[in-house]
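K.L.:
here's my sequence, what's the structure:
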Amino acid sequence: MPVPRLCLPLVVLSVGLAACGAPGRLEAGQSLPLASLSQNYVEVRVSLEIDSDAETWLTATYTPLDAGAHLYALDLPPDGVNGVGRPTRLELPPGSPLQALGPPTASVEATAQDSFFPDLRVYPPGPVTLRLPVILPPGAAWVETQVSVTYMACKGNACRPPVIHGLIPVRVPGADLIGP
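P.N.:
Here you go, the predicted model:
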């Protein structure tokens, strides 16, 4: 069945979301894929999770595409440590209809890899998921917005160019669409 032209830009960016026929209500325990981005040898998949307490989480899984590559800790300074590295971040841009309820957390612990730069912490090679607690926009409508991602992948002494405040378009449900 051909994809309607109106939906094509969202189909290209979305992973699993029926852009023109989104589900009516989301239940606790569900995860809704929103979009993905593959840039500078890292794939980022953004989802919305509803936990068992009906709290909502914006998640982003960052997967380096170079085997053995690592990402940097989310709490590094924006310009890295002495200019080395860039933080792995998931943020809401100014004016977002989503509201952050707290800081993001990472699925794995970052550690220092170099005694000369103990503040330059990295995640183990492989995927890292960041989770940001959010409040959805009010109402029962689906809302177009964006999320911001920052990351830099390195392997040994070779680093890919960073992505800084890369904007990913997403479509999120209003708060009234969550629950029974």
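K.L.:
name the nearest residue to Val84, sequence neighbours excluded.
P.N.:
Leu120 (5.8 Å; C-beta to C-beta, 6 or more residues apart in numbering). To be clear about C-beta, it is placed using only N, CA and C from the backbone, and glycine gets the same treatment.
K.L.:
what sits against the one you found?
P.N.:
Residues near Leu120 by C-beta atoms under 8 Å, 6 or more residues apart in numbering: 72, 76, 80-81, 84-85, 112-114.
K.L.:
Gln146 against Ser96, yeah?
P.N.:
Yes. Contact criterion C-beta atoms under 8 Å: Gln146 and Ser96 qualify, at 7.3 Å.
K.L.:
pick out the residue nearest the middle of this structure.
P.N.:
Nearest residue to the geometric centre of the chain (C-alpha atoms, centre = their mean): Ala60, 2.6 Å.
K.L.:
so what's the backbone phi/psi at the residue nearest to Val84?
P.N.:
Main-chain dihedrals, Leu120, degrees, to the nearest 10: phi -90, psi 90.
K.L.:
and what of Val128?
P.N.:
Torsion angles, degrees, to the nearest 10, at Val128: phi -130, psi 130.
K.L.:
on that earlier part again, turn the contacts of Leu120 into a markdown table, including distance to Pro124.
P.N.:
Shown next, in a markdown table, are the contacts of Leu120 (distance: C-beta to C-beta, whole Å):
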| residue | distance to Pro124 |
| --- | --- |
| Tyr72 | 12 |
| Leu76 | 16 |
| Gly80 | 19 |
| Val81 | 18 |
| Val84 | 18 |
| Gly85 | 15 |
| Ala112 | 13 |
| Gln113 | 10 |
| Asp114 | 15 |
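K.L.:
in ChimeraX, select just the buried ones from these.
P.N.:
With 16 or more other C-beta atoms under 10 Å as the criterion, this ChimeraX line picks the buried residues out of the contacts of Leu120:
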select :72,76,80,81,84,85
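K.L.:
can you add secondary structure, distance to Gly179 and pLDDT and give the contacts of Leu120 back as JSON lines?
P.N.:
Putting the contacts of Leu120 into JSON lines (DSSP: H, G, I helix; E, B strand; the rest coil; distance: C-beta to C-beta, whole Å; pLDDT from 0 to 100) gives the following:
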{"residue": "Tyr72", "secondary structure": "strand", "distance to Gly179": "37", "pLDDT": "97"}
{"residue": "Leu76", "secondary structure": "coil", "distance to Gly179": "37", "pLDDT": "95"}
{"residue": "Gly80", "secondary structure": "coil", "distance to Gly179": "42", "pLDDT": "91"}
{"residue": "Val81", "secondary structure": "strand", "distance to Gly179": "43", "pLDDT": "90"}
{"residue": "Val84", "secondary structure": "strand", "distance to Gly179": "45", "pLDDT": "88"}
{"residue": "Gly85", "secondary structure": "coil", "distance to Gly179": "41", "pLDDT": "92"}
{"residue": "Ala112", "secondary structure": "strand", "distance to Gly179": "43", "pLDDT": "92"}
{"residue": "Gln113", "secondary structure": "coil", "distance to Gly179": "44", "pLDDT": "81"}
{"residue": "Asp114", "secondary structure": "coil", "distance to Gly179": "47", "pLDDT": "76"}
